[in-house]
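J.: Sharing a sequence plus its predicted fold:
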Amino acid sequence: MTYPITLIVFGKSKLPAHRELMEHYQTLLKRYVRLTLHELPESKQEGTSGLADEAARLRKHLKPQDSLILLSEAGPVMTSQDFAETLSTHLNRGTSLVFAVGSSHGWNERLKQEAARLLSLSPMDDLSTRPRSYYFLRTALSCLLDSSRLFLSQIIYL
């Protein structure tokens, strides 16, 4: 069984090597999740109006049953095992998970309040300087593998 996960990213890596890595990780993730990737352009507006514009465009991709997780350096850091447990909990409930990687401008304050949680993937998380989609996919794969190991170990010890 594969679980639905949506990844919404503001900004798009144009480097062929990053695109290849993203495709590679998407292929590896297919075994565990049904991944939908939306790459949206960053807003051309400045300041809070730009953040509001990005939030409005992100909301168009959300469904009522979605649980939105905003990736942000301001969010709490989780170990990969904690992240795997969080993924398992949401996915086993039938919740559709939507992870969003913001632009270099950050997140709209209202959207932060609407989100199920903020999450940082690393204590040195500055996603504006990395190929964001690739970084998320690599981390998600690692956590899904941890989740699978955790699930299997629970079955073995029952």
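T.: Perfect, I can see it now.
J.: Which strand residues bridge the residue nearest the centre of the chain?
T.: Centrality entry for the chain: nearest residue to the mean C-alpha point is F99, 3.0 Å, by Cα atoms, centre = their mean. Beta-bridge partners of F99, counted by DSSP bridges, are L7, I69.
J.: wait, it sits on T6?
T.: Yes. Using Cβ atoms under 8 Å, F99 is in contact with T6, at 7.2 Å. (Glycine included, C-beta is placed from N, CA and C.)
J.: Give me the mean pLDDT for the helix or strand encompassing H18.
T.: Under the criterion of DSSP states H and E, H18 resides in helix 16-29. Helix 16-29 shows a mean pLDDT of 77.
J.: So which bits of it are buried?
T.: H18, L21, M22, Y25, Q26, L29 (16 or more other Cβ atoms under 10 Å).
J.: hey, where'd the helices end up in the chain?
T.: Secondary structure of the chain (DSSP state H): helices located at 16-29, 47-59, 80-93, 109-114, 132-156.
J.: Now tell me which of those helices the model trusts least on average.
T.: The minimum mean pLDDT among the helices of the chain belongs to helix 132-156 (a mean of 48).
J.: what about stretch 68-84, distance to the chain center?
T.: Centre-to-centre, stretch 68-84 and its host chain are 9 Å apart (Cα atoms, centre = their mean, to the nearest Å).
J.: Excluding covalently adjacent residues, which one is nearest to R59?
T.: Leaving aside its chain neighbours, R59 sits nearest to L111 (7.8 Å; criterion: Cβ to Cβ, 6 or more residues apart in numbering).
J.: State the distance from that neighbour to Y25.
T.: The spacing between L111 and Y25, counted by Cβ to Cβ, to the nearest Å, is 26 Å.
J.: Now do the contacts for the residue lying closest to T36 once chain neighbours are set aside.
T.: Using Cβ to Cβ, 6+ apart and skipping the chain neighbours, the partner closest in space to T36 is T6 (4.6 Å). By Cβ atoms under 8 Å, 6 or more residues apart in numbering, T6 lies in contact with L35, T36, L37, H38, H61, D66, S96, L97, V98, F99.
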